[in-house]
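> predicted structure and sequence below. I'll ask about it afterward.
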Amino acid sequence: MVKSPKDTSSTNSCSFPRPVQTDFVRLDQDILTPLAGKKKLYTFETKDFWEQIKTPGMSLKCSSLYLTQYRQSAPDLLAKGDGIKSPTFIGDVYVHPSAKVHPSAKVGPNVSISANARVGPGVRLIGCIILDGVEVKENAVILHSIIGWKSSIGRWARVQGIGDYAAKLGITILGENVSVEDEVVVTSCIVLPHKTLNMSVHEEIIL
């Protein structure tokens with residue numbers, strides 16, 4: 001095709017890219033760098049522990065660190081039991097006053113049980129966070145997992161991760177109102193809210 005004399009377009013013309021609209025904020029580029037350029041960025045030195053939460057699994061590690069700190073700074077917050085009239089607690093465990101844990105349950109180490117949770121007879125909990133309103137039924141086992149609000153774990157069910165906090169699927173995470181039915185095994189999975197699992201799953205992200 002031959003250009004007309006009035007056609008001023010050219011393949012050699014210089015163009016500038018349009019700014020890309022984003023729905024997220026970058027800590028380094030969008031916040032820290034501008035503050036440093038205006039000399040408004042400062043540091044604060046602390047002798048307390050701190051940990052970056054780069055993966056969901058790191059939440060469990062941070063929970064463990066807090067429970068360890070409670071033993072030194074606020075031991076009254078940690079659960080105590082004799083395994084007869086009250087549950088058996090191993091290591092550092094926090095139980096919200098409104099939660100109910102059956103005396104035959106065995107809990108710990110590194111377990112946090114939130115408000116209005118119910119833990120049934122024979123349940124075993126290790127290295128996990130149980131959020132508000134969760135029900136864990138008889139003889140269920142939960143290891144290296146975060147159980148979302150108002151979820152239900154069935155009888156003889158097993159929910160577990162491998163305990164690798166840095167791995168993408170190193171722990172199991174159940175979203176809000178997830179139901180794991182009786183005798184189902186969930187291993188190293190992420191389950192979005194309002195799902196019902198009636199069969200065993202392994203290393204899956206369930207949308």
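Great, that's in hand. Since the model is a prediction, treat every value here as computed from it, not as a measurement.
> from here on, contacts and neighbour counts on C-alpha atoms
Fine.
> what about Leu207, how many neighbours?
Leu207: 9 surrounding residues under other CA atoms under 10 Å.
> list the contacts of the spatially closest residue to it that is not a sequence neighbour.
With sequence-adjacent residues excluded and distances taken as CA to CA, 6 or more residues apart in numbering, Leu207 is closest to Leu192, at 5.4 Å. Contacts for Leu192 (CA atoms under 8 Å, 6 or more residues apart in numbering) come out as Leu174, Gly175, Glu176, Val178, Ile205, Ile206, Leu207.
> any idea which helix or strand carries Thr68?
helix 58-73 (DSSP states H and E).
> let's see the pLDDT reported for the residue most central in space within the chain.
In the chain, the centroid-proximal residue (CA atoms, centre = their mean) is Pro56; its distance is 4.6 Å. We have a pLDDT of 81 for Pro56.
> next one: it from Asp132, what distance?
As for Pro56, its distance to Asp132 is 18 Å (criterion: CA to CA, to the nearest Å).
> swap in Tyr94?
Taking CA to CA, one finds Tyr94 at 13 Å from Asp132.
> overlap in contacts, these two.
Ile113.
> which helices and strands does the lowest-mean-pLDDT helix or strand in the chain pack with?
One helix or strand of the chain scores below all others by mean pLDDT, DSSP states H and E: helix 33-37, with a mean of 85. Contacts defined by 3 or more CA pairs under 8 Å, 6 or more residues apart in numbering; DSSP states H and E place helix 33-37 against no helix or strand at all.
> for Thr196, name its beta-bridge partners.
Ser179 (DSSP bridges).
> what is the burial count for it?
Neighbours around Thr196, by other CA under 10 Å: 14.
> same check, this time on Ser145
Quick note: Ser145 (other CA under 10 Å) scores 30 neighbours.
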